[in-house]
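Visitor: I need the structure of the sequence given here:
(one chain, ligands or ions: 1)
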Amino acid sequence: MSSNKETFGKTVGFVLAVCIVCALLVSFSAVQLKPLQQANKLLDQQTKILEASGLLEKAGNEIVKTYNQFVEARMIDLDSGDFVEGDVINFDERRNSRDVALSIKPKQDLAGINRRSNTAVVYFVKNEAGTIETIVLPIIGAGLWDLMSGYIGLEADLNTVKSVIYSDHKETPGLGAEVLNPRWKALWPGKKIYNDAGEVKARLVKGGAKADDLHGVDALSGATLTSNGVTNTLQFWFGEEGYASFIAKYRAEGVK
Ligand SMILES: Cc1cc2nc3c(=O)[nH]c(=O)nc-3n(C[C@H](O)[C@H](O)[C@H](O)COP(=O)(O)O)c2cc1C
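Guide: Below is the predicted model of the structure:
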(Lines give C-alpha, C1' and ligand atoms only; values in the text may rest on other atoms or scores of the structure.)
Protein backbone atom coordinates (compact mmCIF):
# COMPACT_ATOMS: atom_id res chain seq x y z
CA MET A 1 0.00 0.00 0.00
CA SER A 2 2.68 2.45 1.07
CA SER A 3 4.76 1.65 -2.05
CA ASN A 4 1.71 2.50 -4.22
CA LYS A 5 1.49 5.89 -2.51
CA GLU A 6 5.21 6.40 -3.01
CA THR A 7 4.92 5.62 -6.73
CA PHE A 8 1.94 8.00 -7.08
CA GLY A 9 3.86 10.76 -5.33
CA LYS A 10 6.89 10.23 -7.54
CA THR A 11 4.72 10.25 -10.69
CA VAL A 12 3.05 13.54 -9.72
CA GLY A 13 6.44 15.00 -8.83
CA PHE A 14 7.87 13.93 -12.17
CA VAL A 15 4.89 15.35 -14.12
CA LEU A 16 5.19 18.65 -12.24
CA ALA A 17 8.92 18.82 -12.88
CA VAL A 18 8.36 18.20 -16.62
CA CYS A 19 5.65 20.91 -16.69
CA ILE A 20 7.90 23.44 -14.98
CA VAL A 21 10.85 22.69 -17.27
CA CYS A 22 8.61 22.96 -20.37
CA ALA A 23 7.04 26.23 -19.17
CA LEU A 24 10.49 27.66 -18.53
CA LEU A 25 11.69 26.54 -21.97
CA VAL A 26 8.67 28.08 -23.72
CA SER A 27 8.97 31.42 -21.92
CA PHE A 28 12.73 31.47 -22.41
CA SER A 29 12.38 30.90 -26.17
CA ALA A 30 9.56 33.44 -26.44
CA VAL A 31 11.72 36.10 -24.77
CA GLN A 32 14.87 35.11 -26.69
CA LEU A 33 13.14 34.98 -30.08
CA LYS A 34 11.18 38.23 -29.74
CA PRO A 35 13.97 40.52 -31.04
CA LEU A 36 14.52 38.14 -33.98
CA GLN A 37 10.79 38.13 -34.78
CA GLN A 38 10.69 41.94 -34.62
CA ALA A 39 13.75 42.20 -36.88
CA ASN A 40 12.15 39.82 -39.40
CA LYS A 41 8.89 41.77 -39.32
CA LEU A 42 10.76 45.00 -39.96
CA LEU A 43 12.75 43.42 -42.80
CA ASP A 44 9.53 42.13 -44.36
CA GLN A 45 7.97 45.59 -44.12
CA GLN A 46 11.03 47.24 -45.66
CA THR A 47 11.01 44.66 -48.47
CA LYS A 48 7.36 45.40 -49.27
CA ILE A 49 7.97 49.17 -49.25
CA LEU A 50 10.89 48.74 -51.66
CA GLU A 51 8.69 46.52 -53.84
CA ALA A 52 5.92 49.15 -53.78
CA SER A 53 8.39 51.78 -54.96
CA GLY A 54 9.96 49.60 -57.67
CA LEU A 55 13.35 49.39 -55.90
CA LEU A 56 13.30 45.74 -54.88
CA GLU A 57 15.29 44.41 -57.83
CA LYS A 58 17.89 47.12 -57.52
CA ALA A 59 18.21 46.36 -53.79
CA GLY A 60 19.04 42.67 -54.36
CA ASN A 61 20.26 41.30 -51.04
CA GLU A 62 20.83 44.76 -49.60
CA ILE A 63 17.31 45.50 -48.40
CA VAL A 64 18.19 47.39 -45.21
CA LYS A 65 20.95 49.44 -46.83
CA THR A 66 18.74 50.39 -49.82
CA TYR A 67 15.80 51.17 -47.56
CA ASN A 68 17.92 53.40 -45.32
CA GLN A 69 19.41 55.15 -48.32
CA PHE A 70 16.21 55.97 -50.19
CA VAL A 71 13.22 55.76 -47.85
CA GLU A 72 12.09 58.31 -45.31
CA ALA A 73 9.21 57.28 -43.03
CA ARG A 74 7.08 60.09 -41.57
CA MET A 75 4.15 59.99 -39.21
CA ILE A 76 1.04 61.97 -40.12
CA ASP A 77 -2.17 62.92 -38.38
CA LEU A 78 -4.91 61.63 -40.67
CA ASP A 79 -7.58 64.20 -39.77
CA SER A 80 -5.40 67.30 -40.25
CA GLY A 81 -2.99 65.82 -42.79
CA ASP A 82 -0.09 67.35 -40.77
CA PHE A 83 3.23 65.70 -40.10
CA VAL A 84 3.58 64.80 -36.42
CA GLU A 85 6.33 63.37 -34.23
CA GLY A 86 6.16 59.67 -33.42
CA ASP A 87 7.87 56.30 -33.36
CA VAL A 88 7.62 55.29 -37.01
CA ILE A 89 9.42 51.97 -36.51
CA ASN A 90 7.17 50.52 -33.83
CA PHE A 91 3.93 52.03 -35.17
CA ASP A 92 1.11 49.49 -35.28
CA GLU A 93 -2.19 50.61 -36.83
CA ARG A 94 -4.14 47.73 -35.31
CA ARG A 95 -2.72 48.28 -31.81
CA ASN A 96 -3.67 51.98 -31.98
CA SER A 97 -7.13 51.09 -33.23
CA ARG A 98 -7.79 49.09 -30.05
CA ASP A 99 -7.11 52.22 -27.97
CA VAL A 100 -9.99 54.73 -27.96
CA ALA A 101 -7.58 57.56 -27.14
CA LEU A 102 -5.50 56.84 -30.26
CA SER A 103 -8.25 56.04 -32.75
CA ILE A 104 -11.68 57.01 -34.05
CA LYS A 105 -14.71 55.09 -35.19
CA PRO A 106 -15.10 56.07 -38.86
CA LYS A 107 -18.44 57.62 -39.83
CA GLN A 108 -18.42 55.42 -42.92
CA ASP A 109 -16.44 52.29 -42.22
CA LEU A 110 -16.14 51.20 -45.86
CA ALA A 111 -12.94 49.27 -45.16
CA GLY A 112 -14.59 47.26 -42.36
CA ILE A 113 -11.84 48.11 -39.85
CA ASN A 114 -14.17 49.11 -36.99
CA ARG A 115 -11.74 51.75 -35.69
CA ARG A 116 -9.01 53.76 -37.43
CA SER A 117 -5.77 54.94 -35.87
CA ASN A 118 -5.52 58.77 -35.64
CA THR A 119 -2.05 58.57 -37.10
CA ALA A 120 -0.41 56.71 -39.98
CA VAL A 121 3.12 56.26 -41.26
CA VAL A 122 3.78 57.25 -44.87
CA TYR A 123 6.95 56.55 -46.81
CA PHE A 124 8.75 58.99 -49.10
CA VAL A 125 11.03 57.20 -51.52
CA LYS A 126 13.74 59.25 -53.20
CA ASN A 127 15.98 58.64 -56.20
CA GLU A 128 19.78 59.05 -56.32
CA ALA A 129 19.36 62.82 -56.79
CA GLY A 130 17.21 63.06 -53.65
CA THR A 131 13.96 63.78 -55.52
CA ILE A 132 10.84 62.06 -54.21
CA GLU A 133 9.74 59.56 -56.83
CA THR A 134 7.26 57.43 -54.92
CA ILE A 135 5.04 57.89 -51.91
CA VAL A 136 4.02 54.63 -50.30
CA LEU A 137 0.80 54.63 -48.28
CA PRO A 138 -0.26 51.70 -46.09
CA ILE A 139 -3.80 50.36 -46.50
CA ILE A 140 -5.88 47.92 -44.47
CA GLY A 141 -9.40 46.62 -45.03
CA ALA A 142 -11.66 43.60 -44.84
CA GLY A 143 -11.30 40.78 -47.35
CA LEU A 144 -13.57 37.74 -47.25
CA TRP A 145 -11.97 35.99 -44.28
CA ASP A 146 -10.11 38.69 -42.39
CA LEU A 147 -8.46 42.08 -42.68
CA MET A 148 -5.97 42.41 -45.53
CA SER A 149 -3.14 44.91 -45.29
CA GLY A 150 -0.63 46.22 -47.75
CA TYR A 151 0.83 49.24 -49.47
CA ILE A 152 0.01 51.47 -52.42
CA GLY A 153 2.90 53.09 -54.23
CA LEU A 154 1.95 56.40 -55.84
CA GLU A 155 3.83 58.73 -58.12
CA ALA A 156 4.66 62.20 -56.77
CA ASP A 157 1.29 63.54 -58.02
CA LEU A 158 -0.32 61.34 -55.33
CA ASN A 159 -2.80 60.12 -57.88
CA THR A 160 -1.02 57.85 -60.36
CA VAL A 161 -0.62 54.30 -59.05
CA LYS A 162 2.76 52.59 -59.29
CA SER A 163 1.86 49.47 -57.36
CA VAL A 164 -0.60 47.67 -55.09
CA ILE A 165 1.32 45.33 -52.80
CA TYR A 166 -0.54 43.24 -50.25
CA SER A 167 1.57 41.94 -47.38
CA ASP A 168 -0.84 40.29 -44.97
CA HIS A 169 -4.08 38.46 -45.71
CA LYS A 170 -5.96 35.24 -45.04
CA GLU A 171 -7.71 34.90 -48.42
CA THR A 172 -7.95 31.57 -50.23
CA PRO A 173 -5.07 30.52 -52.52
CA GLY A 174 -6.23 30.66 -56.15
CA LEU A 175 -9.16 32.96 -55.27
CA GLY A 176 -8.75 36.03 -53.03
CA ALA A 177 -5.03 35.36 -52.60
CA GLU A 178 -4.60 36.21 -56.28
CA VAL A 179 -3.96 39.77 -55.03
CA LEU A 180 -0.38 38.49 -54.87
CA ASN A 181 -0.35 37.25 -58.48
CA PRO A 182 2.25 39.24 -60.49
CA ARG A 183 -0.15 39.32 -63.47
CA TRP A 184 -2.82 41.06 -61.36
CA LYS A 185 -0.29 43.39 -59.75
CA ALA A 186 0.95 44.34 -63.25
CA LEU A 187 -2.51 45.75 -64.11
CA TRP A 188 -2.08 48.64 -61.67
CA PRO A 189 0.77 50.90 -62.83
CA GLY A 190 -0.60 54.06 -64.46
CA LYS A 191 -4.13 53.78 -63.05
CA LYS A 192 -5.49 56.91 -61.34
CA ILE A 193 -7.02 56.95 -57.87
CA TYR A 194 -9.02 60.19 -58.34
CA ASN A 195 -10.93 61.66 -61.28
CA ASP A 196 -10.64 65.34 -62.21
CA ALA A 197 -13.38 66.22 -59.72
CA GLY A 198 -11.32 64.67 -56.90
CA GLU A 199 -13.62 61.67 -56.42
CA VAL A 200 -12.07 58.30 -55.55
CA LYS A 201 -12.63 56.18 -58.63
CA ALA A 202 -10.03 53.39 -58.40
CA ARG A 203 -11.88 50.07 -58.28
CA LEU A 204 -11.93 46.44 -59.36
CA VAL A 205 -14.27 45.64 -62.23
CA LYS A 206 -16.06 42.29 -62.30
CA GLY A 207 -15.82 40.75 -65.77
CA GLY A 208 -12.75 42.84 -66.62
CA ALA A 209 -11.95 46.54 -66.91
CA LYS A 210 -12.03 48.16 -70.36
CA ALA A 211 -8.62 48.85 -71.86
CA ASP A 212 -9.16 52.62 -71.69
CA ASP A 213 -10.49 52.61 -68.10
CA LEU A 214 -8.23 55.05 -66.24
CA HIS A 215 -9.37 53.88 -62.81
CA GLY A 216 -10.52 50.28 -63.17
CA VAL A 217 -8.56 47.04 -62.86
CA ASP A 218 -9.88 43.50 -63.52
CA ALA A 219 -11.52 41.97 -60.46
CA LEU A 220 -10.04 38.71 -59.13
CA SER A 221 -11.87 35.88 -60.86
CA GLY A 222 -14.04 33.70 -58.61
CA ALA A 223 -13.33 36.13 -55.76
CA THR A 224 -15.92 38.88 -55.94
CA LEU A 225 -15.97 39.26 -52.18
CA THR A 226 -12.22 39.87 -51.90
CA SER A 227 -12.42 42.16 -54.93
CA ASN A 228 -15.17 44.21 -53.30
CA GLY A 229 -12.99 44.36 -50.19
CA VAL A 230 -10.10 45.79 -52.20
CA THR A 231 -12.37 48.41 -53.84
CA ASN A 232 -13.88 49.41 -50.50
CA THR A 233 -10.43 49.61 -48.90
CA LEU A 234 -9.28 52.01 -51.64
CA GLN A 235 -12.48 54.04 -51.33
CA PHE A 236 -11.93 54.39 -47.60
CA TRP A 237 -8.21 55.13 -47.49
CA PHE A 238 -8.28 57.70 -50.29
CA GLY A 239 -11.43 59.34 -48.93
CA GLU A 240 -12.02 61.97 -46.23
CA GLU A 241 -11.40 59.60 -43.33
CA GLY A 242 -8.24 58.23 -44.92
CA TYR A 243 -5.42 60.08 -46.68
CA ALA A 244 -7.47 62.88 -48.35
CA SER A 245 -6.33 65.62 -45.90
CA PHE A 246 -2.71 64.52 -46.11
CA ILE A 247 -2.85 64.41 -49.91
CA ALA A 248 -4.40 67.89 -50.15
CA LYS A 249 -1.84 69.32 -47.74
CA TYR A 250 1.10 67.59 -49.38
CA ARG A 251 0.06 68.85 -52.81
CA ALA A 252 -0.15 72.39 -51.43
CA GLU A 253 2.94 72.40 -49.21
CA GLY A 254 5.16 69.40 -50.02
CA VAL A 255 7.28 67.74 -47.32
CA LYS A 256 8.09 69.99 -44.36
C1 LIG B 1 -13.58 27.24 -49.52
C2 LIG B 1 -13.95 28.53 -50.21
C3 LIG B 1 -13.04 29.57 -50.21
C4 LIG B 1 -13.37 30.77 -50.82
N5 LIG B 1 -12.47 31.80 -50.79
C6 LIG B 1 -12.80 32.98 -51.35
C7 LIG B 1 -11.90 34.09 -51.30
O8 LIG B 1 -10.78 34.03 -50.79
N9 LIG B 1 -12.34 35.26 -51.84
C10 LIG B 1 -13.58 35.39 -52.42
O11 LIG B 1 -13.91 36.49 -52.86
N12 LIG B 1 -14.41 34.35 -52.52
C13 LIG B 1 -14.05 33.17 -52.00
N14 LIG B 1 -14.91 32.12 -52.09
C15 LIG B 1 -16.09 32.24 -52.94
C16 LIG B 1 -17.18 33.09 -52.36
O17 LIG B 1 -17.89 32.32 -51.47
C18 LIG B 1 -18.07 33.61 -53.49
O19 LIG B 1 -18.66 32.53 -54.12
C20 LIG B 1 -17.27 34.36 -54.51
O21 LIG B 1 -16.67 35.48 -53.91
C22 LIG B 1 -18.11 34.82 -55.67
O23 LIG B 1 -17.20 35.29 -56.66
P24 LIG B 1 -17.56 35.26 -58.21
O25 LIG B 1 -18.84 36.04 -58.34
O26 LIG B 1 -16.41 35.97 -58.88
O27 LIG B 1 -17.67 33.83 -58.61
C28 LIG B 1 -14.61 30.92 -51.47
C29 LIG B 1 -15.51 29.86 -51.48
C30 LIG B 1 -15.19 28.68 -50.85
C31 LIG B 1 -16.20 27.55 -50.87
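
Visitor: For the ligand, give me its nearest residue in the chain.
Guide: G176 (2.8 Å; C-beta to the nearest ligand atom). For the C-beta atoms, the positions are set from N, CA and C on the backbone; glycine is no exception.

Visitor: quick one: that residue and L220 touch, right?
Guide: Yes. If you go by C-beta atoms under 8 Å, G176 and L220 touch, sitting 6.4 Å apart.

Visitor: Identify the contacts common to those two.
Guide: T226 (C-beta atoms under 8 Å, 6 or more residues apart in numbering).

Visitor: Can you name every helix or strand that the lengthiest strand in the chain contacts?
Guide: Longest strand in the chain by number of residues (criterion: DSSP state E): strand 132-142. Here strand 132-142 is seen to pack against helix 2-52, helix 93-97, strand 119-126, strand 147-155, helix 224-237 when contacts are counted using 3 or more C-beta pairs under 8 Å, 6 or more residues apart in numbering; DSSP states H and E.

Visitor: hang on, the earlier thing: gap between the residue of the chain closest to the ligand and F14?
Guide: According to C-beta to C-beta, to the nearest Å, G176 stands 49 Å off from F14.

Visitor: ditto for G60
Guide: Distance from G60 to F14, by C-beta to C-beta: 53 Å.

Visitor: Could you do D82 as well?
Guide: 62 Å.

Visitor: What of Q46?
Guide: When Q46 is compared with F14 (using C-beta to C-beta), they lie 48 Å apart.

Visitor: likewise E178?
Guide: 52 Å.

Visitor: More neighbours: these two, which one.
Guide: Neighbour totals were compared for E178 and F14, and E178 leads with 20 against 10 (other C-beta atoms under 10 Å).

Visitor: My read is that the more buried one contacts A223, right?
Guide: Yes. Under the criterion of C-beta under 8 Å, E178 is in contact with A223, at a separation of 6.5 Å.

Visitor: Now do the strands in the stretch 151-256 of the chain.
Guide: Taking DSSP state E, counting those that start in this stretch, the strands of the stretch 151-256 of the chain run over residues 161-168, 203-205, 216-218.

Visitor: N232: how many residues sit nearby?
Guide: 18.

Visitor: circling back to that earlier point, with distance to V71 as extra columns, can I get the helices and strands packed on strand 132-142 in a markdown table?
Guide: Output for those, formatted as a markdown table (distance: least, C-beta to C-beta, whole Å):
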| stretch | distance to V71 |
| --- | --- |
| helix 2-52 | 6 |
| helix 93-97 | 18 |
| strand 119-126 | 5 |
| strand 147-155 | 11 |
| helix 224-237 | 20 |
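
Visitor: Give me the buried stretch members for stretch 47-61, please.
Guide: Judged by neighbour count (16 or more other C-beta atoms under 10 Å), stretch 47-61 contains these buried residues: T47, K48, I49, L50, E51, A52, S53, L55, L56, A59.

Visitor: and if you look at stretch 243-256?
Guide: Buried residues in stretch 243-256, defined by neighbour count with 16+ other C-beta under 10 Å: Y243, A244, S245, F246, I247, K249, Y250.

Visitor: overlap between those residues and the residues near the ligand?
Guide: Filtering the buried residues of stretch 243-256 for neighbours of the ligand using C-beta under 6 Å from any ligand atom leaves an empty set.

Visitor: List the residues that contact the residue lying closest to D87 once chain neighbours are set aside.
Guide: Counting by C-beta to C-beta, 6 or more residues apart in numbering, the nearest residue to D87 once its immediate chain neighbours are dropped is M75, at 8.0 Å. By C-beta under 8 Å, 6+ apart, the contact set of M75 is F83, V84, E85, G86, D87, V88, F91, T119, A120, V121.

Visitor: Looking at the fifth one now. What's its pLDDT?
Guide: What it means is D87. pLDDT, D87: 96.

Visitor: about what we covered before: need the strands of the stretch 151-256 of the chain in TSV with distance to the ligand and mean neighbour count, can you?
Guide: Output for the strands of the stretch 151-256 of the chain, formatted as TSV (distance: least, C-beta to the nearest ligand atom, whole Å; neighbours: other C-beta atoms under 10 Å):
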stretch	distance to the ligand	mean neighbour count
strand 161-168	12	20
strand 203-205	10	20
strand 216-218	11	19
